[in-house]
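Undergrad: sequence first, predicted model second:
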2 protein chains.
Amino acid sequence: MTQTIDFQTDPSKYRHWKIDYDGPIARLSMDVDEKGGLFEGYELKLNSYDLGVDIELADVVQRMRFEHPEVKVIILQSAKDKVFCAGANIRMLGGAAHSHKVNFCKFTNETRNTYEAALADSGQNYICAVKGACAGGGYELALACNHIMLTDDSTSSVSLPEVPLLAVLPGTGGLTRVTDKRKVRRDLADVFCSIEEGVKGKRAVKWRLVDEVFPNSTFDAKVEERAQALAASSTKADIAQGITLTPITRNFSDDAVSYSTVEVALNRAAGRPTVTVKGPSDAAPADMDAFTAQGADAWMLRCARELDDAILHLRNNEKELGLIEFQTQGDPDLVIAHEALMLSNADHWLANEVTQYWKRVLKRIDMTSRSLVAIVEHGSCFAGPLAELLWAVDRSYMMLEDFDGDNRALATVTMSEGNFGSYPMGNHLTRLQTRFLGTPEQIEKLKSSIGEPLEAEDADELGLITYAFDDIDWEDEVRLFMEERASFSPDAMTGMEANLRFAGPETMETRIFGRLTAWQNWIFQRPNAVGEEGALQRYGTGVRGKYNMERV
Amino acid sequence: MTQTIDFQTDPSKYRHWKIDYDGPIARLSMDVDEKGGLFEGYELKLNSYDLGVDIELADVVQRMRFEHPEVKVIILQSAKDKVFCAGANIRMLGGAAHSHKVNFCKFTNETRNTYEAALADSGQNYICAVKGACAGGGYELALACNHIMLTDDSTSSVSLPEVPLLAVLPGTGGLTRVTDKRKVRRDLADVFCSIEEGVKGKRAVKWRLVDEVFPNSTFDAKVEERAQALAASSTKADIAQGITLTPITRNFSDDAVSYSTVEVALNRAAGRPTVTVKGPSDAAPADMDAFTAQGADAWMLRCARELDDAILHLRNNEKELGLIEFQTQGDPDLVIAHEALMLSNADHWLANEVTQYWKRVLKRIDMTSRSLVAIVEHGSCFAGPLAELLWAVDRSYMMLEDFDGDNRALATVTMSEGNFGSYPMGNHLTRLQTRFLGTPEQIEKLKSSIGEPLEAEDADELGLITYAFDDIDWEDEVRLFMEERASFSPDAMTGMEANLRFAGPETMETRIFGRLTAWQNWIFQRPNAVGEEGALQRYGTGVRGKYNMERV
């Protein structure tokens, strides 16, 4: 599995999903092409999925918000007879490297979180109509919807058979949503997660596993009725026309990936790619009409899409590059002006979508299992949404005062109103709140500096950066840090960063990525799952896994 | 490392700790005997510790509360020159099986949590006086104290060098307490966890790593001053006389461990030990004077100590026994009466200590990485504190109506006031609140049944048990469950239970056991740490670990 994984797609290329748009209601049907696996060696039977299927789903969810703002209710359903979805493809998992398993789960989790949040963020409400077997990752698809309807027939059930069948966890949020979202009683959850064939009918409602169950004869009508009612009671404004997410501009070469606003220098020898975000070169659009006319070309949206793709590319296709260095280039005033148009039009649907998208991209960075550093050079534009990078990374270095022979504008950091609430982390706090958990009074103090370009001494004094170095020390200090980081165990970094980045309250989202994912990753290393006699390897052979029964 | 680990000790046997009692102040000095390791193959140099050192510490903390209730402030310090504590012994960790590493960390974490909570629970305040190097697990010992004082000299620093030196995490709460208790800014935490030599002096205070720093010349006097001030301002009542924790009665045989109130049938062939708790046989003591006179012989205290020891024994010495079956035998009214004396004297120091101890024992059960089931037979006494077992386990089976030839009293469940607040879980909710997270109104409803012996039908209706079966189905159903559970992967069970048992809010405690421990366990499986060329194996050889640089 060493081929390059491309996260860009569009409806003309979909092989696994069909969408029927019908005014405020969209019917999203899973119809996985058995022969359409991303890799060789497995067939995607029974609506089972691999990363390719999920890349399409993520694209659907994203386009729904920008291209189809008229949609208020999405019915997630299956186009196959007798099966809703059999979950992640087991042969794919069995053959995948540990790192692919982990990154596959991370991306699918991000996609589930994204459509789960679509109601709160965009007024788009995902409901799930389950006909046929809905197993494992299939039920996890349903769990991320806000309302689950199940038909009552002999083949339709919901189940999480991972533990008994495969000796792994339902790792795409399944266990967490069962306890924390559906609030299933824990002994019933224990029973449910042990039953291969799952739970059906009224018992599924009684156990809180689904919201409603109906006989087959009335099921479709009831689903329609619920969707119409939810659309009618929606508070989402009627938007007639979306914008088109045109293909992003990319150029891959041996040592770089170039976008229009993002430049990734891979720097493979050092294992340390530099992601340079370029600020806007033109003035901000005059108003939201002008912004809408620019559409996907507008800097705020284009940059978010390109940065998102760059992060996904590095995560999945460049796993040996362990330290990502963020830089920016441009005019901080222009970044602030482009962001300001979004913030001052927060009730405009497109401004809202763009801001929500920045929130998601920044969360994708938080969740990226690489060491992250921001290098604040002269000529940079760490302002507004780009200033968030300073607090998403593990640490930051900033140029202090003039550098010999460097005539770029002095390095500054500029906070905006957006930094105080527009881009919350998975823990539901802003990055600044998380950063100053021990000194919350600092937040009020920082607000008095909104809009002010802060040079290194001030930024350091306010705690916005980790280190400021002048021309004499800069090169050595940055180099020493890079060399030191490169000498550490990547696994220890992964574990350390997963613990240090998310101080403060835990949410369902942080529990999925922290607790559930960590246990799943542990199990993905254990011989009882992945060894030659482990359940994941033996699945489908007719022989059950052979287990070392020692508990740890 | 297959020798039996004994968790019972007493001051006459201590090899690693010295205590000086001085009225309200106790000085607890770590003075590890290099030759006193629990196993062969390593020396406990520089106040490094293994499980044996921690078993003594747990005993100190426990006896402090029962035998020395006059103590209000405990000064944790080192008896060695130039070193406070070097942390967990690396050679011990390098040589230990995965399961021993995990269980070692679990027990040390429980001990840290216990003395950290001693101020809130018992009014005993642990403060830490750091002179000399305080590294890794050493700093984690300090972090669990409520106030950390550091001397300012060339050798004294605090550090978490695990990541750079050993490619593992500071796993005894270190990362979690740095972010969530000390609320260290995350980029500074990132720097701190990367610096082998640690942080000293005023910088340690500025970064919130310690509370105070003083020059060597005034350090001892300042520590004394703080201790005296904290003792003087303590709201803990003056208690002149404690009770003695006399040795518990145990008898080990090949297939059983017998205590006076707890019987453990190991049932090794089936991998399924039965822990039977026997209720009191005598009436409850008339009042707290009578209870105090009974001291460690009083059923409420004796039973807690024996159950605690039994759990620790099973966890550490019987790792292949994957399903623990809890039973009880006795008169529920007597259990309720014995508990009632504690609850109605909640402001009596000893009643409080006994209740707090039950809280800890029950949390130890929650955290036990075995499948847990309660079997509620006729003649049982699942009442008050023993009823908590029903909601600590993963599921429960209860006998319904008369059984042929069984003339024991019909099985009942009896709730007490204690079930509604006296024994909170690590998530700070009661087990009933956690159980009914989805239907919180149920809690009020349950209160109206306090004191009522509920037979199976009622207990089932109220959601207090998982299953009720009559004479016809009982044996088959229980047997099927046992067989099914025995067929599952122990690792998948561990991961599943760690996710299902702790619904609701996360606390520092649940984060330590959920997020931090899970990541550490993952790292404890990774070749970069534990492989032949991994950092943990190579430590002390002068050669650094060789890492596969792929990030996952």
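TA: Great, that's in hand.
Undergrad: near chain B, which residues of the stretch 351-500 of chain A?
TA: A:369-370, A:393-396, A:434-439, A:463, A:466, A:484-485, A:487-500 (Cβ under 8 Å from any Cβ of the partner chain). From N, CA and C alone the C-beta is placed, and that goes for glycine too.
Undergrad: same thing with the stretch 1-150 of chain A?
TA: So the stretch 1-150 of chain A meets chain B at A:H98, A:S99, A:V102, A:N103 (Cβ under 8 Å from any Cβ).
Undergrad: drop anything exposed from those.
TA: Taking 16 or more other Cβ atoms under 10 Å in any protein chain shown as the criterion, what is buried in the residues of the stretch 1-150 of chain A next to chain B is A:S99, A:V102, A:N103.
Undergrad: report how many residues lie close to whichever residue of the stretch 51-200 of chain A sits closest to chain B.
TA: When distances are taken as Cβ to the nearest Cβ, the stretch 51-200 of chain A reaches nearest to chain B at A:K183, 3.0 Å away. Under the neighbour criterion other Cβ atoms under 10 Å in any protein chain shown, A:K183 is assigned a count of 18.
Undergrad: that's a strand at A:L464, yeah?
TA: No: per DSSP: H, G, I helix; E, B strand; the rest coil, A:L464 lies outside any strand segment and is coil.
Undergrad: who does the residue nearest to it when sequence neighbours are not counted form a beta bridge with?
TA: Once flanking residues are discounted, A:L464 sits nearest to A:V413: 5.4 Å by Cβ to Cβ, 6 or more residues apart in numbering or on different chains. Counting by DSSP bridges, A:V413 forms beta bridges with A:F382, A:L454.
Undergrad: quick one: A:V413 and A:L386 touch, right?
TA: No: using Cβ atoms under 8 Å, A:V413 is not in contact with A:L386, being 9.6 Å away.
Undergrad: thinking again about what came up before, check contacts around the residue nearest to A:L464.
TA: A:V376, A:F382, A:A383, A:A387, A:L390, A:M398, A:P453, A:L454, A:A459, A:L464, A:I465 (Cβ atoms under 8 Å, 6 or more residues apart in numbering or on different chains).
Undergrad: how about these in a markdown table, adding neighbour count, distance to A:N267 and pLDDT?
TA: Listed next are the contacts of A:V413 as a markdown table, based on neighbours: other Cβ atoms under 10 Å in any protein chain shown; distance: Cβ to Cβ, whole Å; pLDDT from 0 to 100:
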| residue | neighbour count | distance to A:N267 | pLDDT |
| --- | --- | --- | --- |
| A:V376 | 27 | 18 | 98 |
| A:F382 | 33 | 21 | 98 |
| A:A383 | 29 | 25 | 98 |
| A:A387 | 31 | 24 | 98 |
| A:L390 | 26 | 21 | 98 |
| A:M398 | 28 | 21 | 98 |
| A:P453 | 20 | 29 | 98 |
| A:L454 | 22 | 29 | 98 |
| A:A459 | 26 | 26 | 98 |
| A:L464 | 27 | 26 | 98 |
| A:I465 | 25 | 23 | 98 |
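Undergrad: of the residues you listed, which is the nearest to chain B?
TA: Closest to chain B, out of all of these and judged by Cβ to the nearest Cβ, is A:I465, at 8.1 Å.
Undergrad: if I look at that closest one, how far off is A:D476?
TA: Using Cβ to Cβ, to the nearest Å, A:I465 is found at 18 Å from A:D476.
Undergrad: what about A:T108, which SS state?
TA: Under three-state DSSP, A:T108 falls in the helix class.
Undergrad: these two touch, right, it and A:G136?
TA: No: using Cβ under 8 Å, A:T108 is not in contact with A:G136; the gap is 11.7 Å.
Undergrad: hey, what's in contact with both of the two?
TA: A:A88.
Undergrad: those strands in the stretch 1-150 of chain A, which residues are they?
TA: Applying DSSP state E, counting those that start in this stretch to the stretch 1-150 of chain A gives strands spanning A:17-22, A:25-30, A:48-49, A:73-78, A:83-85, A:87-88, A:125-130, A:133-135, A:147-152.
Undergrad: okay, those strands in a markdown table with mean neighbour count next?
TA: Putting these into a markdown table (neighbours: other Cβ atoms under 10 Å in any protein chain shown) gives the following:
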| stretch | mean neighbour count |
| --- | --- |
| strand A:17-22 | 15 |
| strand A:25-30 | 20 |
| strand A:48-49 | 26 |
| strand A:73-78 | 25 |
| strand A:83-85 | 26 |
| strand A:87-88 | 28 |
| strand A:125-130 | 26 |
| strand A:133-135 | 29 |
| strand A:147-152 | 23 |
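Undergrad: can you list those in CSV and add distance to B:E417?
TA: Written out in CSV, the entries for the strands of the stretch 1-150 of chain A read as follows (distance: least, Cβ to Cβ, whole Å):
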stretch, distance to B:E417
strand A:17-22, 55
strand A:25-30, 51
strand A:48-49, 51
strand A:73-78, 46
strand A:83-85, 46
strand A:87-88, 45
strand A:125-130, 42
strand A:133-135, 43
strand A:147-152, 38
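Undergrad: name the element the residue in the stretch 301-450 of chain A that chain B sits nearest to belongs to?
TA: Nearest residue of the stretch 301-450 of chain A to chain B: A:G438, at 3.0 Å (Cβ to the nearest Cβ). A:G438 is part of no helix or strand, with elements assigned from DSSP states H and E.
Undergrad: alright, I will stop here.
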